[in-house]
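K.L.:
sequence? don't have it. structure:
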């Protein structure tokens, strides 16, 4: 499988594939590239409907030039723990960020969450984040405020009284609970609308169907999130010799079935 940066010809093939309605995986197979490379390339350069090969190529060259210009001479990437490949880690961080953005998260928020998630400590200060991401403290502050409101990070003070931003095993659970609370508000407002619009009217019926659908899904998601968190914590406490994590090819459905929670 080829490595290195995408060529202009490859970008033209990506543009042609998108115009033909091909999936990212199919375009990737045609180029013998990872699907994540194609996903990141498209999402960073206008998305599936706005991607242009020539503009993407120029933008990539501009970003590379800007990075070379802003990195001081003699500065090297910090050594990676556990013998990790620094370039591979950087590429994965970009891919993870792109996927978060594709799910609807704003770019800077996605960059901060990806950076925090990929640190072994799972926590950084605002200044550490600003230094790692080469952005202003104001950008970090805005991103953290958003992530905190969505349950993706929590704040704590270290021994030097500095505020640290932390991600841990509960962040996705907390985020789902925050989302569930927002959805519950939508359900409440929809049912208020039913009373205002009048029962048995088409608009009121539509709102009631929205409320019933969201109520059912919200309850199911909340219950599944609580079960998954309980299983994750139980597995983490398994004695030596036990299974600490579900097998990669089984997923949570099988694990919940094993525990009788499904």
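P.N.:
The structure has been received and is ready for your questions. Treat the numbers as computed from the prediction; the structure is a model and nothing was measured.
K.L.:
all contacts plus neighbour counts: C-alpha atoms, from now on.
P.N.:
Will do.
K.L.:
Tell me how far the helix or strand hosting residue 223 lies from the chain's centre.
P.N.:
Using DSSP states H and E, the element containing residue 223 is helix 202-236. Centroid displacement of helix 202-236 relative to its chain, using Cα atoms, centre = their mean, to the nearest Å, is 21 Å.
K.L.:
tell me what that helix is packed against?
P.N.:
helix 171-197, helix 251-259 (3 or more Cα pairs under 8 Å, 6 or more residues apart in numbering; DSSP states H and E).
K.L.:
out of the ones you listed, deepest packed?
P.N.:
helix 171-197 (a mean of 16; mean count of other Cα atoms under 10 Å).
K.L.:
residues touching residue 18, list them.
P.N.:
Residues counted as contacts of residue 18 (Cα atoms under 8 Å, 6 or more residues apart in numbering) are 48-49.
K.L.:
That one belongs to a strand?
P.N.:
No - applying DSSP: H, G, I helix; E, B strand; the rest coil, one finds residue 18 to be helix, outside a strand.
K.L.:
Distance of it relative to residue 198?
P.N.:
46 Å (Cα to Cα, to the nearest Å).
K.L.:
how far away is residue 215 from residue 181?
P.N.:
Distance from residue 215 to residue 181, by Cα to Cα: 11 Å.
K.L.:
same question, residue 170
P.N.:
Taken as Cα to Cα, the span from residue 170 to residue 181 is 17 Å.
K.L.:
just the helices in the stretch 51-200 of the chain please.
P.N.:
With helices called from DSSP state H, counting those that start in this stretch, the stretch 51-200 of the chain shows them at 53-70, 86-102, 107-117, 126-133, 137-149, 171-197.
K.L.:
How much space separates residue 45 from residue 108?
P.N.:
Taken as Cα to Cα, the span from residue 45 to residue 108 is 16 Å.
K.L.:
try residue 222
P.N.:
28 Å.
K.L.:
For residue 22, give me phi and psi.
P.N.:
Main-chain dihedrals, residue 22, degrees, to the nearest 10: phi -80, psi 150.
K.L.:
Report pLDDT for it.
P.N.:
As predicted, residue 22 sits at a pLDDT of 90.
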